[in-house]
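J.: sequence plus the predicted model coming up.
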Amino acid sequence: MSARGMNPAVVVVALLLAAGLITVFVIKGGGPKQATGGSSSLPSIERPGVQPTPSPLALETQDQSQPESVETEPEPPVPVVVEVATVLPALIAAAADGDADRVRALLEGGEAVDQRDDNGRTALIAAAAGGHMETVFALLDAGADPLAKDDRGLSARDHAIARADDNGLRLAKVLEGAIAAVVGAATDQTK
């Protein structure tokens, strides 16, 4: 469809609509007599929810063989929701879901136990944040680092405490024990 031969107002309105700078317009009939009492054969343009006023602009259509538009109730605008999907590594996704069997299978298949997602979370952090005790044990048994921190500087223990429930507190104690074991092992190696 070419813009040649079209009313310049139509082209401007189309460009503004395409750029998202104006809202939806409802084009009401265009017979010899308008509901507003005018004698113009041009259609009036209204915004939904705004009182109609006669418009000096006329919207023309390319195909004049189309019957005049039928007045209908305008549909409410549909909000556009844009979600940015983060694809989690399989191990972290399984840990976040609390799927301990899948976590074990992925680890046996060669997945790195301390791999990170886009937010710096490890599988251990994801499991602790979800309150998944069995998954936390599976990851600790596989050598997951209980000292690892995400991009916000929070460890698995911090995420467990943030749950603010009994399960989170139990997980925090388990993780404190794992941290003590790692720190104790490091201290023994330096002696």
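T.: Nice, thanks for sending it over.
J.: now the spatially closest residue to residue 119 that is not a sequence neighbour. Its backbone dihedrals?
T.: Counting by CB to CB, 6 or more residues apart in numbering, residue 119 lies nearest to residue 151, which is 5.3 Å off, once chain neighbours are set aside. In this view, the C-beta of every residue, glycine as well, is placed from N, C-alpha and C. Main-chain torsions, residue 151, degrees, to the nearest 10: phi -60, psi -20.
J.: let the chain start at 573 from now.
T.: Shifting the count to begin at 573 puts that one at residue 723.
J.: got the domain boundaries for the chain?
T.: 573-636, 662-762 (automatic domain parsing).
J.: for those domains, which has the smallest mean pLDDT value?
T.: Within the domains of the chain, confidence is poorest for domain 573-636, with a mean of 53 (mean pLDDT).
J.: what's near enough to touch residue 716?
T.: Neighbouring residues of residue 716 by CB atoms under 8 Å, 6 or more residues apart in numbering: 685, 686, 694, 695, 696.
J.: okay, and it sits in which element?
T.: Using DSSP states H and E, residue 716 maps to neither a helix nor a strand.
J.: please report how far it lies from residue 748.
T.: 15 Å (CB to CB, to the nearest Å).
J.: again with residue 663
T.: Counting by CB to CB - residue 663 and residue 748 are separated by 23 Å.
J.: with residue 728 instead?
T.: 10 Å.
J.: buried residues, whichever strand or helix holds residue 756. List them.
T.: In the assignment (DSSP H and E), residue 756 maps to helix 738-762. For helix 738-762, burial by neighbour count (16 or more other CB atoms under 10 Å) applies to 740, 743, 744, 746, 747, 750, 751.
J.: mind checking the SS state of the residue lying closest to residue 747 once chain neighbours are set aside?
T.: Using CB to CB, 6+ apart and skipping the chain neighbours, the partner closest in space to residue 747 is residue 729 (4.1 Å). The three-state assignment at residue 729 reads helix, by DSSP: H, G, I helix; E, B strand; the rest coil.
J.: what about residue 729, how many neighbours?
T.: 23 (other CB atoms under 10 Å).
J.: so it makes contact with residue 749?
T.: No. Using CB atoms under 8 Å, residue 729 is not in contact with residue 749, being 10.1 Å away.
J.: got the contact list for the residue nearest to residue 704 when sequence neighbours are not counted?
T.: Nearest residue to residue 704 in three dimensions, chain neighbours excluded: residue 670, at 3.4 Å (CB to CB, 6+ apart). Contacts for residue 670 (CB under 8 Å, 6+ apart) come out as 699, 702, 703, 704, 706, 707.
J.: run through the strands of the protein in chain order.
T.: Applying DSSP state E to the chain gives strands spanning 598-600, 616-618.
J.: what residues sit buried inside stretch 704-719?
T.: Per 16+ other CB under 10 Å, stretch 704-719 contains these buried residues: 704, 705, 707, 708, 710, 711, 712, 714, 716, 717, 718.
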